[in-house]
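Engineer: quick one: sequence and predicted model below, then my questions.
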Amino acid sequence: MSSFGSISPVVRLTDAVTRVSTRLGTGPAAVASLDDEDLLQLLGDAGDARKALDLVVAAASAEVSRRSTRDLGYGGLAQRKGLRTGTALVQQITGLGRPDVTRAVRAGEELAPPPPPVNDRPGVDEIGTDATAPTEPMVAGWLDRLRGALASGLLSQAQFQAIRTGLDEPPVDRYPDLDPDFLPQAWDQAVVILLDEATTRTVEDLRDQARIARDRLDPIGVTMRFEERFENRSFRVWTDPETGQRHGRFAFDDDAAAWVDTILRAALRPRRGPRFVGAEAVEKTASAEADARSNEQLQYDTLVAILRTGANADPSQAFGDRQPGVRIVAEATAISEMDDRGAMKVVGVGHLQDGGQALPPGVVEKYLCDAGAIPVVWDAPGRPLDVGRELRLFTRKQRIAIAARDGGCLWPGCDRPPSECEYHHSDHWWEHHGKTDVDDGVLLCRNCHMRLHNQGWRITRERDPDTGIDTYWLHAPPDLSTGAIGDPVELRSKSSRRFRAA
């Protein structure tokens, strides 16, 4: 494929720079005089210019790297310029750090991969084609789509690498009984979803979601990666020679990491929300707000309290207002088989409710043995079932069902997990006489929930009459200066369930 896609990055760069120049006028000092919308447009234009320029840097960096390979010896470009490697040469010219140059080289190689080796013997091969002419390698559809997003400026280099490294390659060889096209098609569908979400997620979150998609589609690999990280678990302590302060460093396995995460979230829960946790929590919340400790100090004190009092510590001593616990979401089909003794056997992976990271069957089975399971029934369009309007607050089982469906705060760009979310009625319980049904409940974190009510945002639900699938829409309040009402934004699930095999 072309190094840069259908539109040259030079054309996109020129266009973006023109837009930036038009908005800035007299220079960077004019930024302070821009209104809100022009300021955001300026930032977007500058981002477009940077993406286009980054493509030029990527292509040039990859070419410098090719002309400086070790097999070229002292005749390589970098050596001729007095430097050992192509990376060092690019660093010297651009002023970029080594990680940035490495990322640029990788992006350049993705967009313009090196040609295959050419047969040294001239002539024609057995089917009559020129044996000296290199053939362009076949590129998988999902990778072609991903490279196209980078080339067109839809993705930045950092976003591209986040998805590329998070997904990795479809492990076709692990599943010999499947159609060879099955996993590549599933990978392609995952890329479509991730590209759609790229504008509202940070690079770090995008990488996490790509890994969740990979784990969702590659259950055998989940166990392999879990065991690898389990073997790498460690704890190291050392003393700072200057201050005498003791330090520690953990490398967690996945199961232990999930426990630590949920413990620390419980400790910070009174500060981060949700607010609607019962009247008995009001005093604890007020006490937490008056606590002068930083979040880091509170987390430290929590872990030390657990070490001192044991895993069965009174939650009022060590935690906030809720005993921490790990909750795993697994399909019923993953735990439906029986072993030789007639006991329940797990054959599929589970996903942490908070974060969505995958856990292998053995870990899910351990939790089933220790803690049991709460079934959540879904109808054909993929909705958890309702219960009615008798209570204003959602029941425990309803909250579990909504959390499994939404996967975290639904507000675009928010990454808060279910444990830090509140349950909002899309039809307000008091104002619109809305029902306390799972269909009308959506997850919003404390901050987004307060923004919605305080600023006049609304969430509506629309059901497709043919498929029965619900779609949730976020409506912004009218613009204060013009009264204009923007188009609604679709709220999409962040649950690992959205990544399904094609």
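Structural biologist: Received it, and whenever you're ready, just let me know what you need.
Engineer: distance between the longest helix seen in the chain and the chain's centre?
Structural biologist: Secondary structure assigned by DSSP state H gives helix 36-66 as the longest helix of the chain. Helix 36-66 has its average C-alpha position 23 Å from the chain's average C-alpha position, going by CA atoms, centre = their mean, to the nearest Å.
Engineer: how close does the nearest residue to residue 45 once chain neighbours are set aside get to residue 46?
Structural biologist: Closest residue in space to residue 45, ignoring its immediate chain neighbours: residue 19 at 4.3 Å, by CB to CB, 6 or more residues apart in numbering. C-betas here are computed from N, CA, C, even on glycine. Using CB to CB, to the nearest Å, one obtains 9 Å as the distance from residue 19 to residue 46.
Engineer: so what are the domain limits for the protein?
Structural biologist: Domain ranges of the chain: 9-111, 141-217, 234-238+247-318, 328-371, 396-498, per automatic domain parsing.
Engineer: for the last one, measure first residue to last.
Structural biologist: The separation between the terminal residues of domain 396-498, taken as CA to CA, to the nearest Å, is 23 Å.
Engineer: how far is it from where the chain is centred?
Structural biologist: In terms of CA atoms, centre = their mean, the centre of domain 396-498 is found 20 Å from the chain centre.
Engineer: how about the second one?
Structural biologist: For domain 141-217, the distance between its averaged C-alpha position and the chain's averaged C-alpha position is 11 Å (CA atoms, centre = their mean).
Engineer: quick one: end-to-end distance for that domain.
Structural biologist: Its first and final residues considered, domain 141-217 spans 17 Å by CA to CA.
Engineer: quick one: mean pLDDT for that domain?
Structural biologist: When pLDDT is averaged over domain 141-217, the result is 92.
Engineer: same deal with the last one?
Structural biologist: For domain 396-498, the mean pLDDT works out to 83.
Engineer: same deal with the third one?
Structural biologist: For domain 234-238+247-318, mean pLDDT rounds to 77.
Engineer: how many residues are close by residue 24?
Structural biologist: Other residues within reach of residue 24, judged by other CB atoms under 10 Å, total 16.
Engineer: quick check, pLDDT for the closest residue to it other than its chain neighbours.
Structural biologist: Counting by CB to CB, 6+ apart, residue 30 is the residue found nearest to residue 24 once chain neighbours are left out, at 5.2 Å. With respect to pLDDT, residue 30 has a value of 81.
Engineer: how about the helices in the stretch 201-350 of the chain?
Structural biologist: Counting by DSSP state H, counting those that start in this stretch, one finds helices in the stretch 201-350 of the chain at the ranges 203-217, 219-231, 254-272, 282-290, 295-309, 315-318.
Engineer: what packs against the longest one?
Structural biologist: For helix 254-272, the helices and strands in contact under the criterion 3 or more CB pairs under 8 Å, 6 or more residues apart in numbering; DSSP states H and E are helix 219-231, helix 282-290, helix 295-309, strand 358-359.
Engineer: again, 6 Å this time
Structural biologist: Judged by 3 or more CB pairs under 6 Å, 6 or more residues apart in numbering; DSSP states H and E, the packing partners of helix 254-272 are helix 282-290, helix 295-309.
Engineer: for the last one, packing partners?
Structural biologist: It refers to helix 295-309. Applying 3+ CB pairs under 6 Å, 6+ apart, we find helix 295-309 packed against helix 254-272, helix 315-318.
Engineer: okay, now the residue nearest to residue 250 when sequence neighbours are not counted: neighbour count?
Structural biologist: With sequence-adjacent residues excluded and distances taken as CB to CB, 6+ apart, residue 250 is closest to residue 235, at 5.4 Å. Other residues within reach of residue 235 by the criterion other CB under 10 Å amount to 9.
Engineer: again with residue 484
Structural biologist: Using other CB under 10 Å as the criterion, residue 484 is surrounded by 9 other residues.
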